[in-house]
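1. any chance you can model this:
(chains A, B, C and D)
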There are 2 protein chains.
Amino acid sequence: MISTAPRRNSSGLARDIEILEVLGGPEATQNEGLGVIQVAQLTGRDKAVVSRSLATLADAGLLVRDEVTLGYRLGARLYALAARTSESRLVSASRSHLRRLALSTRETTHLCVLRGGNVLTVMSELSPHEFRTTGWEGVTTAAWRTPSGRVLLSDWDRASLSRWYDEHGRDVAIVGPTDPVMARTGFAVLRTPPEDKAVVTDFESLLDELARIRSRGYATLDEELELGVVGASAPVRDLTGRIIAAINVSAPKARIGERLDGLGRYVAVAAEELSRQLGVGHGVG
Amino acid sequence: MISTAPRRNSSGLARDIEILEVLGGPEATQNEGLGVIQVAQLTGRDKAVVSRSLATLADAGLLVRDEVTLGYRLGARLYALAARTSESRLVSASRSHLRRLALSTRETTHLCVLRGGNVLTVMSELSPHEFRTTGWEGVTTAAWRTPSGRVLLSDWDRASLSRWYDEHGRDVAIVGPTDPVMARTGFAVLRTPPEDKAVVTDFESLLDELARIRSRGYATLDEELELGVVGASAPVRDLTGRIIAAINVSAPKARIGERLDGLGRYVAVAAEELSRQLGVGHGVG
DNA sequence: GGGAGAGTTGCCATATGCGCAACTGCCATT
DNA sequence: AATGGCAGTTGCGCATATGGCAACTCTCCC
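-> As a prediction, the model looks like this:
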């Protein structure tokens, strides 16, 4: 990533995107959309501006307005665009691999990509143990704190990493749990890990960990992000060898025990299979 | 009193959306994205304007730029917006389709999703014939025994199916009717179907049935689960093409008679409409 | 009836973005 | 090595779209 932050103008677009984010957030998904005033409050802007922006976005088809309640929600055009992203194609190609992994490990698996300083979970397959009906799709986490994020950074050169770390190294946020109660209470926003568990604390230790990941072919996380939770991640590569995604398995430490490294090797094999399929998948429909 | 089309301003946004559409088009999704000049030609705008707009959109995360080829493509932020709202969107979008289907067939319709080894009925619309006040929302049934469950399994690969069947193939329970009387009396817990009606008896016959479902585009059930009851189910797909839910119509055999296949085709059309609304067909093709 | 809340619109100063043209880099060709 | 062409970025002046305030409508509810 580049962006020595040349401060684009983008006044209008920034506001529009902020509005889209709000309407994609937990407040909007529960009810029948959000009203002008609500969006104005959530974005901290004048209601007149928000009113006009919402109308324009709805005209463009990115939003849909409920004629009765006057509430806005995300529109069909946005979903159509989302379906054409490369992530969308990656997800459909990865599904069976992820599902198989979830069934054989009996744990929850994720497919993650890097977005800015964060790791974006684009797909989840829940373990049979899970009772939740919704996964973590769309949720983002500070990249350098998660095994998937470290995997995704592990093929960067040092200069790029340094720039990236200057910009994002202090990020700690876990953004966007879809449960509104969690969001409101802030429960999931950040749980400080025990000091002694932290493997990565600064740029140098991040480099060390990335080197370890490269040599092993996978990353593991032992209660570093959350007590009682362990995980393993491995890189998915496109046909040029670049790391484009990471497969992750997260589980309670109690169920994994001493087998964490075994899990890492297993995840790595699954990621390699997926990579191979992506390499040949170009001709296949 | 809206929609008198009062000539919105939308100068910048219209252009940005046009650019997004172009980058969602076939020219961009195939190769390594599109360059500034190409987008300028496709939108008929000055390359300077396009250059700035693309940079701004990329800064916002709606676009991603390939460092090497300098090509732009749609970014993960779009996907994240859509993915985060997919479940709530399914429920809200389904209601009108289910209701319409219930009215036109004059039978009870359900929306079902897979949870572990069971089918969970998320939403029901009762037929005009029904007098019960409670639907089957929240009721779960062994997946491989129901048409909806088979539909939901029909896009799984064989390896995953095999694992899944090892774990859940012997489940027979019908769990948790919301009617407390039914629950207490155990009336709905399990009615053994007539032997000769069973289409799926083991893993191989399940595979056969799934193949039949794939080729027809819908599943039917003829007194297999309960005497005198027939049903038809069809798949609902999300924007990546994955089967995320099934629409089901259940009815007394006496009222359907020979028209079961017709009902299946009819349900399949409704499910396709719903899928299209969720974003399928706008995109991958 | 009137008051509160939600949403829209008019107005004006100002910041924004358009469009042209000049500029930088890169690569192939001679 | 010089040249020309192509891709992309940037500087600048001017028109205009946009933000913020306030006034306004509409509906709902007491």
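
2. wait, A:Gly75 sits on A:Leu63?
-> Yes. Here A:Gly75 reaches A:Leu63: they are 4.8 Å apart, a contact under Cβ atoms under 8 Å. C-beta coordinates here come from the backbone N, C-alpha and C atoms, glycine included.

3. who has more neighbours out of those two?
-> A count of neighbours by other Cβ atoms under 10 Å in any protein chain shown puts A:Leu63 above the other of A:Gly75 and A:Leu63, at 25 against 18.

4. quick one: contacts for that one?
-> A:20, A:23, A:54, A:57, A:72-75, A:78 (Cβ atoms under 8 Å, 6 or more residues apart in numbering or on different chains).

5. repeat for A:Gly117
-> A:142-143, A:164, A:167-168, A:171 are the contacts of A:Gly117 under Cβ under 8 Å, 6+ apart.

6. please name the spatially closest residue to it (chain neighbours excluded).
-> Once flanking residues are discounted, A:Gly117 sits nearest to A:His168: 2.8 Å by Cβ to Cβ, 6 or more residues apart in numbering or on different chains.

7. in three-state terms, label the spatially most central residue of chain A for me.
-> Ranked by distance to the mean C-alpha position of chain A (Cα atoms, centre = their mean), the top residue is A:Leu120 at 1.4 Å. Judged by DSSP: H, G, I helix; E, B strand; the rest coil, the three-state class of A:Leu120 is strand.

8. so A:Gly116 touches A:Gly149, yeah?
-> No. Between A:Gly116 and A:Gly149 there is no contact under Cβ under 8 Å: 11.1 Å.

9. pick out whichever of the two has more residues nearby.
-> A direct count of neighbours by other Cβ under 10 Å for A:Gly116 and A:Gly149 places A:Gly149 higher, at 28 against 18.

10. make sure that one is actually in contact with A:Val113.
-> No. When contacts are counted by Cβ under 8 Å, A:Gly149 is not listed as touching A:Val113 (10.0 Å).

11. and the residue in chain A that DNA strand D sits nearest to, what pLDDT?
-> Nearest residue of chain A to DNA strand D: A:Ala48, at 3.4 Å (Cβ to the nearest atom of the strand). Listed pLDDT for A:Ala48 reads 90.

12. what's the neighbour count on A:Arg150?
-> Based on other Cβ under 10 Å, the number of other residues close to A:Arg150 is 24.

13. what's near enough to touch it?
-> Counted by Cβ under 8 Å, 6+ apart, A:Arg150 has contacts A:143-144, A:200, A:206, A:209-210, A:213, A:219, A:233.

14. which of the residues you listed lies closest to DNA strand C?
-> Nearest to DNA strand C among the contacts of A:Arg150, with distances taken as Cβ to the nearest atom of the strand, is A:Leu210, at 28.0 Å.

15. thought the closest one was touching A:Ser154?
-> Yes. Using Cβ under 8 Å, A:Leu210 is in contact with A:Ser154, at 4.7 Å.

16. overlap in contacts, A:Gly149 and A:Val113.
-> Contacts common to A:Gly149 and A:Val113, judged by Cβ under 8 Å, 6+ apart, are A:119, A:246.

17. who in chain A is up against DNA strand C?
-> For chain A, the residues in contact with DNA strand C (Cβ under 7 Å from any atom of the strand) are A:9-13, A:35-38, A:47-48, A:51-52, A:54-55, A:70-71.

18. let's see which of these end up in helices.
-> Among the residues of chain A next to DNA strand C, the residues falling in helices (DSSP state H) are A:11-13, A:36-38, A:47-48, A:51-52, A:54-55.

19. can you turn the buried part of the residues you listed into a PyMOL selection?
-> Remark: buried members of those, expressed as a PyMOL selection using 16 or more other Cβ atoms under 10 Å in any protein chain shown:
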select buried, chain A and resi 12+13+36+38+54+55
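
20. got the phi/psi numbers for the residue lying farthest from the centre of chain A?
-> When distances to the mean C-alpha position of chain A are computed (Cα atoms, centre = their mean), the maximum falls on A:Val68, with 34.5 Å. A:Val68 adopts backbone torsions of phi -80, psi -60, taken as degrees, to the nearest 10.

21. so who does it touch?
-> No contacts exist for A:Val68 under Cβ under 8 Å, 6+ apart.

22. any figure for the gap between it and chain B?
-> 11 Å (Cβ to the nearest Cβ, to the nearest Å).

23. what of A:Gly262?
-> 18 Å.

24. is that residue in a helix, a strand, or coil?
-> A:Gly262 ends up helix, using three-state DSSP.

25. for it, grab the count of nearby residues.
-> Count around A:Gly262 with other Cβ under 10 Å applied: 11.

26. find the nearest non-adjacent residue to the one residue in the stretch 51-200 of chain A that gets nearest to DNA strand C, please.
-> Nearest residue of the stretch 51-200 of chain A to DNA strand C: A:Ser51, at 3.4 Å (Cβ to the nearest atom of the strand). Distances taken as Cβ to Cβ, 6+ apart put A:Val36 closest to A:Ser51, at 4.9 Å, once the chain neighbours are dropped.

27. surely the one you found touches A:Val49?
-> No. Contact criterion Cβ under 8 Å: A:Val36 and A:Val49 do not qualify, at 9.9 Å.

28. run through the stretch 101-250 of chain A and note the low-pLDDT ranges.
-> The stretch 101-250 of chain A contains residues with pLDDT under 70 at A:129-135, A:171-197.

29. domain assignment for chain A?
-> As given by automatic domain parsing, the domain ranges for chain A are A:11-81, A:85-280.

30. which residues of chain A fall in strands?
-> Using DSSP state E, the strands of chain A run over A:63-65, A:72-74, A:108-115, A:118-125, A:140-142, A:174-175, A:219-222, A:229-237, A:243-252.

31. let me have those strands in TSV, adding distance to A:Glu87 as columns.
-> Below are the strands of chain A laid out as TSV (distance: least, Cβ to Cβ, whole Å):
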stretch	distance to A:Glu87
strand A:63-65	21
strand A:72-74	17
strand A:108-115	6
strand A:118-125	5
strand A:140-142	13
strand A:174-175	17
strand A:219-222	21
strand A:229-237	12
strand A:243-252	9
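
32. before we move on, back to that, drop anything exposed from the contacts of A:Gly117.
-> A:142-143, A:164, A:168, A:171.
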